[in-house]
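Visitor: what shape does this take:
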Amino acid sequence: MKDLRPSDADLLYALATAFGEGFGVEQDLTKAVRFLERAAALHHPAATWFLGYCCSEGLGMPRRNHKKAFRCFAEAAKLGVVAGLTDMAWCHSHGRGVPRNKAKAFRLYLEAAEKGDELARFNVGLWFEKGLDGCKKDLAQAFRWFLASARQGHADAQHKVGYACEKGRGVPANPRRAVFWYKKAAAQGLEDSIWNLAICHEEGRGVRRNPAKAKQLFASIGKLRAKRKN
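Guide: Below you'll find the predicted structure:
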């Protein structure tokens, strides 16, 4: 495998995945990273992004390398991986591998959000909700982006939409709609949504009052926490 061709990139990526996940071979993150390196050298989009992720988390290597992670994310973005833009934004937001630059982070999140990345859409929602560097506070815009992310299945975004509908933040108050989105997030195990959903049942907000259901939901939070500890 010394003289590699672009057509070999998929094979290298498959080997990286096999060693990374332990599919058919003993799991070995160091070998996985080696194969990712070779696939990335052939401009394999997913391999380039995953190599950045491994560098960011210190997987299969002695220590984290945020500068290399950022370079990989940037290259992945050029290759069409939208998540690369989102991760570049995170790096700029937290000063990992590049100087901290909140305004640039927002621009990158917005670019990724417009291209459909659900995490980026959630973060753009946060930017507008809080009026962070790079944008003015705008609850209507925040709701718009939270809703876009929520529809893609992002649990935290679903909770934000539910809360906005309950309290009338950026959208007319609609308790029934709030319950709908709280249920979505609660089904993914989000404790805040389970709690709010329990309150809705206890007080009859957007749903028929049902103290027994509220008690059941409150109890489920304790079960979730106990399960996580184990």
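Visitor: who touches the residue nearest the centre of the chain in this structure?
Guide: Nearest to the geometric centre of the chain sits residue 119, at 4.0 Å (C-alpha atoms, centre = their mean). Taking C-beta atoms under 8 Å, 6 or more residues apart in numbering as the criterion, residue 119 is in contact with 83, 86, 149, 154. Heads up, the C-betas are built off the backbone N, CA and C, glycines and all.
Visitor: before we move on, what about residue 111?
Guide: Applying C-beta under 8 Å, 6+ apart to residue 111 gives the contacts 85, 120.
Visitor: for this structure, where's the lowest mean pLDDT among helices and strands?
Guide: helix 211-229 (a mean of 91; mean pLDDT, DSSP states H and E).
Visitor: I'd like the distance between the residue nearest to the centre of the chain and residue 148.
Guide: As judged by C-beta to C-beta, to the nearest Å, residue 119 and residue 148 stand 11 Å apart.
Visitor: residue ranges of the helices in this structure, please?
Guide: 9-21, 29-41, 45-57, 66-78, 82-94, 102-114, 118-130, 139-151, 155-167, 175-186, 191-203, 211-229 (DSSP state H).
Visitor: hey, least reliable of those by pLDDT?
Guide: Here the helices of the chain differ in mean pLDDT, and the lowest is helix 211-229 at a mean of 91.
Visitor: buried ones in it, by neighbour count?
Guide: 213-214, 217-218, 220-221 (16 or more other C-beta atoms under 10 Å).
Visitor: tell me what angle it forms with helix 175-186.
Guide: In terms of direction (axes from the mean of the first three to the mean of the last three C-alpha atoms, to 10 degrees), helix 211-229 departs from helix 175-186 by 30 degrees.
Visitor: which helices and strands sit right next to helix 211-229?
Guide: helix 191-203 (3 or more C-beta pairs under 8 Å, 6 or more residues apart in numbering; DSSP states H and E).
Visitor: contacting residues for residue 178?
Guide: 162-163, 165-166, 196, 200, 205-206.
Visitor: between the residues you listed, which is nearest residue 175?
Guide: Closest approach between the contacts of residue 178 and residue 175, by C-beta to C-beta: residue 206, at 2.9 Å.
Visitor: excluding chain neighbours, what is closest to the closest one?
Guide: The spatial neighbour of residue 206 that comes closest, neighbours along the chain excluded (C-beta to C-beta, 6 or more residues apart in numbering), is residue 175 at 2.9 Å.
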